[in-house]
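>>> generate coordinates for the sequence data below:
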Amino acid sequence: MSLPASNLGADHATMQMLLGRLHRQIGAASLAAAAVTPGLSAQVDQHAAEVRNLLGVRGRRPTLAVLASYADGLLDGAIDRGWQTPQHDLAGWVGPDAVTVRLMALCALARSAVA
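Numbering: from 1, shown residues only. The predicted model follows:
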């Protein structure tokens, strides 16, 4: 799922492709589950706040470029450690691993960045 970091650069189309793929594979289903699962929603909110702090954009919306770059690095590391994209129905999103929740948070942040 990840793109090589060297391809990201400032290429807006590549960033949109990575974030779009991430949303289709994780964000759409997981954020729908979070909307009806308060504990999961709280986890996503906490990870989103941590991402904003890590990226130095506390209190502001991170740009799509910054989110895509962070997602690319996170995915590279996770896949190297054997992480796989979860395949869940709505109920299956209860209790996801930390990488998945972080990716859910990135999807939520990306969605709010374009809103």
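>>> point to the helix or strand of the chain where mean pLDDT is at its lowest.
helix 5-8 (a mean of 44; mean pLDDT, DSSP states H and E).
>>> next SSE after that one?
helix 12-22 (DSSP states H and E).
>>> beyond that following helix, next helix or strand please.
Next in sequence after helix 12-22, counting helices and strands by DSSP H and E, comes helix 28-35.
>>> that next one packs against which elements?
helix 38-54, helix 98-113 (3 or more CB pairs under 8 Å, 6 or more residues apart in numbering; DSSP states H and E). The way it works is simple: take the backbone N, C-alpha and C, and place the C-beta from them, glycine included.
>>> between the ones you listed, which gets nearest to L22?
Smallest distance to L22 across the helices and strands packed on helix 28-35 (CB to CB): 6.0 Å, for helix 98-113.
>>> which residues touch that closest one?
19, 22-23, 26-27, 30-31, 34, 40, 43-45, 47-48, 50-52, 61-64, 67, 70-71, 74-75, 78, 83, 86, 96 (CB atoms under 8 Å, 6 or more residues apart in numbering).
>>> ok, of the residues you listed, which come out buried?
Neighbour counting by 16 or more other CB atoms under 10 Å classes 19, 22-23, 26-27, 30-31, 34, 40, 43-44, 47-48, 51-52, 62, 64, 67, 70-71, 74-75, 78, 83, 86, 96 among the contacts of helix 98-113 as buried.
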